[in-house]
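K.L.:
Predicted model follows, preceded by the sequence.
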Amino acid sequence: MIDLSKLEKSPETTKVEASNNIFSELGKNTYSYLDVISELIDNSIAARRTDMILEVTIKLYFNQKNKVRLFSITDNANGISQDKLGIAITPAGVQSCQSLNEHGLGMKQAIAALGKLKYLATKTI
């Protein structure tokens, strides 16, 4: 066992800076489009309103080579409030036991697997 009372505080300060490289690393996974859709629908379910039926619309936009170039998902769930948006898109920023994703990485990994994020929008009620 370590005797914490004998430990000394280091006189040095370590600075940790945020990096966008985490998203390219999160994107190195085996997510399929089905996995991505599942993660995003799970987020819609987690944010659903109890006074109405959840409606989720998924759109895939293809190019002439039949490759998905744009992906859109919308729902009538609660959305993310402006003051919580930053933490919501921060890797591991939000952790929950109330959905399939317990570590706050599911949506971020799913989006990162698709490539570069072109646009992110949310709504509040």
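P.N.:
Arrived safely, thanks for sending. Numbers count the residues shown, from 1 in each chain.
K.L.:
in the protein, which ranges drop under the pLDDT threshold?
P.N.:
18, 20, 23, 89, 91-105, 107, 117-125 (pLDDT under 70).
K.L.:
quick one: the strands in the chain?
P.N.:
Remark: strands assigned in the chain by DSSP state E are 56-62, 68-75.
K.L.:
Give me the helices and strands touching the first one, please.
P.N.:
With contacts taken as 3 or more CB pairs under 8 Å, 6 or more residues apart in numbering; DSSP states H and E, strand 56-62 sits against helix 33-46, strand 68-75. For the C-beta atoms, the positions are set from N, CA and C on the backbone; glycine is no exception.
K.L.:
now the shortest one and strand 56-62, what's the angle there?
P.N.:
By that I understand strand 68-75. Relative orientation of strand 68-75 versus strand 56-62 (axes from the mean of the first three to the mean of the last three CA atoms, to 10 degrees): 170 degrees.
K.L.:
right, and the helices and strands packed on strand 56-62 - which one's nearest residue 83?
P.N.:
Closest of the helices and strands packed on strand 56-62 to residue 83 is helix 33-46, at 18.0 Å (criterion: CB to CB).
K.L.:
looking at the chain, which residue ends up farthest from its center?
P.N.:
Distance to the chain centre peaks in the chain at residue 6, reaching 41.4 Å (criterion: CA atoms, centre = their mean).
K.L.:
Residue 14 versus that residue, what's the distance?
P.N.:
As defined by CB to CB, to the nearest Å, residue 6 lies at a distance of 21 Å from residue 14.
K.L.:
ditto for residue 68
P.N.:
Residue 68 sits 42 Å away from residue 14, taking CB to CB as the criterion.
K.L.:
more crowded one of these two?
P.N.:
More crowded of residue 68 and residue 14, by other CB atoms under 10 Å: residue 68, with 13 against 5.
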